[in-house]
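Colleague: Sharing a model that was predicted from the sequence below.
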Amino acid sequence: MTKRFEVFLPHERVVQNSEDSRPRYKLLELPPGFPLSDSLNSTILFKGLPTDDAVICTESHTYLIRQVNTSNTMAIVNQQEEIYNIVSTTPSYLELIPTPPKLDRLKECLYESLVFEPDGVESDERLYEYNELVDIVQASEKEIRMALKQLDAINMNGYVRIISPPYLSEILTKIIDETTEMGLDLRKDVVSATHMINKIDDVDSELIVHCLNIFSERNAGEVVDLDSEWDTLKGMEVKLSEWKVCKFIGKHILLGEKNGIELEKFMSLWNIAIPSSFEVDIQMLKGMCIIENSSTYTSSSTIIQHIPFELSPDPKQRISQLFELRTRWKGDDLAPFLLDFIKDVGNEVDGLEYFSISETEKKKFDALLLKYCRKVKEGQEDVVYVQR
């Protein structure tokens, strides 16, 4: 890392080395806010396959690399007493641009080897170890771990895996049915992993434990490593999270309704599918669905639909996707779909608290809207956003 600056010296004090002075160095200009403290104490990695545009990753951030050509040749010099020796010259430098992590490859790799079967093993599937994913995914390790957590990934038999949503739903249903038979009040009572392993004999015990961990109020903040944590996990007693369970079941129902479903009918199906001691709240589905034809959640003519595509990790592309669904958005309606761009990595929480925005996060959100949207006034007071 080199700091770039301009200096003007008398001609007689500058000496050009006689050897070939073609550039032997690359100058790197650090952007404002670059985490120097992280970088000085750890490794900075250039990441990318031969077909990728390279990125630079610190422990927690990802940056695009762009070559900038200058009109004046820059000289790299060293000083010996009063003489400045030109060590090398270069007509360009490298600029770092903060960028969202490129996680598409991570998802592609893990979706190739989804766990569909009770024993969690499929033949002829390409499996990936954690270090392999870190090497090939263009994102910092912190961003990768956060993405794996959001995907509910596990380290099983030495490989990072995720359970297919339909099979995860099947396992969760078996667990809920067993708690119903036991007469448990899931708002108060804990669920024993050992009991579930003994009672549900047609699902691999590791997958039962992982399912309990996903939907529990326990929040380790890390990818679960069944290989090293098995002795602890198999004996755990957990309290199931009303928010996580209801949100997952609601999402699963919506995904089965490609063209949307009447809100009243959906709420009825949702209430039937959840444990009797839990209560649903439409707020649980913020950021994953749209509700049309009503500003309230009470009309039977209102249609609710899951977002019909996977949201892009790039803010500009995601906002473009959202404006394909609606040409006008209220700021409060847009916010849930953009929270991962304004909240600090690793600070996410479950429940309604996740949707609360601090003053700092509000400034980030406003800056995002200012960059990609245009404010339009509707009526005397209402303000909506349209795409630039």
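Modeller: Cool, the structure landed.
Colleague: Going by C-alpha atoms from here, please, whenever you check contacts or count neighbours.
Modeller: Noted.
Colleague: Now whichever strand or helix holds Phe341: buried residues?
Modeller: Under the criterion of DSSP states H and E, Phe341 resides in helix 331-342. When neighbours are counted by 16 or more other CA atoms under 10 Å, the buried residues of helix 331-342 are found to be 334-339, 341-342.
Colleague: wait, Gly235 sits on Ala193?
Modeller: Yes - between Gly235 and Ala193 there is a contact under CA atoms under 8 Å: 5.9 Å.
Colleague: Same drill for these two, tell me which one is more crowded.
Modeller: For Gly235 and Ala193, the more surrounded residue by other CA atoms under 10 Å is Ala193, and the numbers stand at 23 against 14.
Colleague: and the helix ranked longest in the chain, how far from the chain's centre?
Modeller: In the chain, assigned by DSSP state H, the helix with the most residues is helix 165-182. The chain centre lies 27 Å from the centre of helix 165-182; the measure is CA atoms, centre = their mean, to the nearest Å.
Colleague: What mean pLDDT does it get?
Modeller: Summarised as a single mean, pLDDT over helix 165-182 is 93.
Colleague: going forward, begin numbering at 8 instead of 1
Modeller: Done: numbering now begins at 8, and the last item shifts to helix 172-189.
Colleague: what element comes up after it heading to the C-terminus?
Modeller: Following helix 172-189 toward the C-terminus (DSSP H and E): strand 198-199.
Colleague: Would you verify that Thr97 is located in a strand?
Modeller: Yes - assessed by DSSP: H, G, I helix; E, B strand; the rest coil, Thr97 belongs to a strand.
Colleague: That one and Leu117, how far apart?
Modeller: 43 Å (CA to CA, to the nearest Å).
Colleague: Please apply the same query to Leu214.
Modeller: Distance from Leu214 to Leu117, by CA to CA: 16 Å.
Colleague: Point out where the protein drops to low pLDDT.
Modeller: 8-30, 43-49, 125-131, 225-235, 301-307, 351-362, 387-388 (pLDDT under 70).
Colleague: Check it for its longest strand and report it.
Modeller: strand 69-87 (DSSP state E).
Colleague: would you put the C-alpha positions of it in CSV?
Modeller: Taking C-alpha atoms only, strand 69-87 is exported to CSV below (Å, rounded to 0.1, in the frame of the first residue of the first chain):
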residue,chain,number,x,y,z
THR,A,69,-14.8,-6.5,-0.4
TYR,A,70,-13.5,-4.1,-3.0
LEU,A,71,-13.5,-3.9,-6.7
ILE,A,72,-10.1,-3.1,-8.4
ARG,A,73,-10.1,-0.6,-11.2
GLN,A,74,-7.0,0.7,-13.1
VAL,A,75,-6.9,4.4,-13.4
ASN,A,76,-4.6,5.9,-16.1
THR,A,77,-3.1,9.4,-15.4
SER,A,78,-2.2,12.1,-17.8
ASN,A,79,1.2,12.5,-16.1
THR,A,80,3.7,9.7,-15.4
MET,A,81,4.2,9.1,-11.7
ALA,A,82,7.7,8.4,-10.4
ILE,A,83,8.5,6.2,-7.5
VAL,A,84,11.6,7.6,-5.8
ASN,A,85,13.9,7.0,-2.9
GLN,A,86,16.0,9.6,-1.2
GLN,A,87,19.8,9.3,-0.7
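Colleague: Might you calculate how far it sits from the centre of the chain?
Modeller: That offset, for strand 69-87, works out to 33 Å (CA atoms, centre = their mean).
Colleague: Parallel or antiparallel, list what pairs with that strand.
Modeller: Under the criterion DSSP bridges, strand 69-87 sits next to strand 62-64 (antiparallel), strand 90-105 (antiparallel) in its sheet.
Colleague: Nearest to Asn162 among those would be which one?
Modeller: strand 62-64 (23.3 Å; CA to CA).
Colleague: where do the strands sit along the stretch 8-157 of the chain?
Modeller: Ranges of strands within the stretch 8-157 of the chain are 21-23, 35-36, 52-54, 62-64, 69-87, 90-105, based on DSSP state E, counting those that start in this stretch.
Colleague: deepest of those, which one?
Modeller: strand 62-64 (a mean of 22; mean count of other CA atoms under 10 Å).
Colleague: how far is it from where the chain is centred?
Modeller: 17 Å.
Colleague: got the contact list for it?
Modeller: Under the criterion CA atoms under 8 Å, 6 or more residues apart in numbering, residues 51-55, 69-72, 103, 145-147 lie in contact with strand 62-64.
Colleague: In space, what's closest to His68 - neighbours in sequence excluded?
Modeller: Leaving aside its chain neighbours, His68 sits nearest to Ser147 (5.5 Å; criterion: CA to CA, 6 or more residues apart in numbering).
Colleague: what number of residues lie near the one you found?
Modeller: 25.
Colleague: residues touching it, list them.
Modeller: 64-69, 108, 141.
Colleague: if we go to 10 Å?
Modeller: Counting by CA atoms under 10 Å, 6 or more residues apart in numbering, Ser147 touches 51-52, 54, 62-70, 108-109, 141, 153.
Colleague: sorry, back to before: so which of the strands of the stretch 8-157 of the chain is nearest Asn164?
Modeller: Nearest of these (CA to CA): strand 52-54, 26.7 Å.
Colleague: centre of the chain versus that closest one, how much separation?
Modeller: The answer for strand 52-54 is 20 Å, by CA atoms, centre = their mean.
Colleague: Same question for stretch 191-199.
Modeller: 30 Å.
Colleague: Ser283: which of the buried residues of helix 338-349 is nearest?
Modeller: Looking across those and measuring by CA to CA, the closest to Ser283 is Pro343, at 28.0 Å.
Colleague: any idea how far that closest one lies from Asp192?
Modeller: Distance from Pro343 to Asp192, by CA to CA: 31 Å.
Colleague: got it, and Arg333?
Modeller: Taken as CA to CA, the span from Arg333 to Asp192 is 41 Å.
Colleague: so what's the residue lying closest to Gln394 once chain neighbours are set aside up against?
Modeller: If the residues on either side of it in the chain are set aside, Gln394 comes closest to Cys380, at 4.5 Å by CA to CA, 6+ apart. For Cys380, the contact set (CA under 10 Å, 6+ apart) comprises 323, 326-327, 330, 335-336, 373-374, 391-395.
Colleague: Kind regards, and thank you for your time.
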